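Participant: Fold the following and give me the result.
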Amino acid sequence: MDIDKLNSDVLDVLKEICNIGSGNAVTSLAKIIGKKINMEVPQVKILPLNKVTDILGCADTVVCGVYFDIIEGINGNILFIFPMESADYLLEKLMNREIDDMHELDEIDISALSEIGNILAGSYITALSSLINVNIKISPPAVTIDMAGALLSVPAISFGEIGDKVIFIQTTFIEGVHNLDGYFFLIPKMDSLNKLLKALGVKIDG
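Facilitator: Okay, the predicted model is just below:
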């Protein structure tokens with residue numbers, strides 16, 4: 001199987017998952033921050049993990065990452081990444097106060113970011129679970145603020161076990177004049193990637 005040659009129909013199905021997941025995320029985010037939120041059409045790609053930092057800017061770009069293990073249904077990991085300005089804005093709206101330094105968050109702030117990440121990741125996982133008819137469950141979130149390269153080194157270290165391909169979803173949420181970017185990465189182990197692709201109608205050779 002060469003997933004670099006996936007046909008457009010498969011990506012169309014993935015886009016539908018993303019639209020459903022993003023729609024659910026918009027509804028949930030709007031409720032917790034008390035603001036009307038719209039979204040742009042999500043971008044979906046399947047790409048090598050080592051290309052992810054190119055999307056985020058560079059390896060030295062500081063971002064907010066929310067990391068999950070997938071503990072049931074399929075095997076792999078999830079990483080949800082916010083640019084710092086998006087994480088800062090969401091946190092300020094959620095906590096109803098200004099955040100002076102995103103590098104010095106207290107436990108309540110970390111808990112709030114965890115909840116935001118949990119809501120967003122859960123929205124996509126619920127949509128994916130419904131499509132492939134598999135009950136997928138994820139671990140509690142772990143929040144880290146660090147350089148993109150450092151965050152991505154966590155799944156990269158496990159290349160041999162997980163594989164080097166990710167399902168990448170970029171969603172831009174719009175609140176007033178603010179554009180809030182979120183990057184969702186599903187990093188499945190190879191057997192689970194095959195399982196997902198079969199569910200999406202992709203013929204797996206061998």
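
Participant: Centroid-nearest residue for this structure?
Facilitator: For the chain, the residue lying nearest the average C-alpha position, counting by Cα atoms, centre = their mean, turns out to be residue 184 (1.8 Å).

Participant: does that one have beta-bridge partners, and which?
Facilitator: Beta-bridge pairing for residue 184 (DSSP bridges): residue 80, residue 169.

Participant: So residue 93, which state does it fall into?
Facilitator: Classification of residue 93 into helix, strand or coil gives helix, according to DSSP: H, G, I helix; E, B strand; the rest coil.

Participant: Return the helix or strand in the chain with minimum mean pLDDT.
Facilitator: helix 159-162 (a mean of 46; mean pLDDT, DSSP states H and E).

Participant: In contact with the residue nearest to the centre of the chain, which residues are there?
Facilitator: By Cβ atoms under 8 Å, 6 or more residues apart in numbering, the contact list for residue 184 reads 78, 79, 80, 120, 121, 124, 168, 169, 170, 171. C-beta: built from backbone N, CA, C; applies to glycine.

Participant: repeat that with 7 Å
Facilitator: 80, 121, 124, 169 (Cβ atoms under 7 Å, 6 or more residues apart in numbering).

Participant: Kindly report the same for residue 68.
Facilitator: By Cβ under 7 Å, 6+ apart, the residues touching residue 68 are 77, 78, 121, 138, 139, 141.

Participant: ok, now residue 55?
Facilitator: Taking Cβ under 7 Å, 6+ apart as the definition of contact, the neighbours of residue 55 are residue 183.
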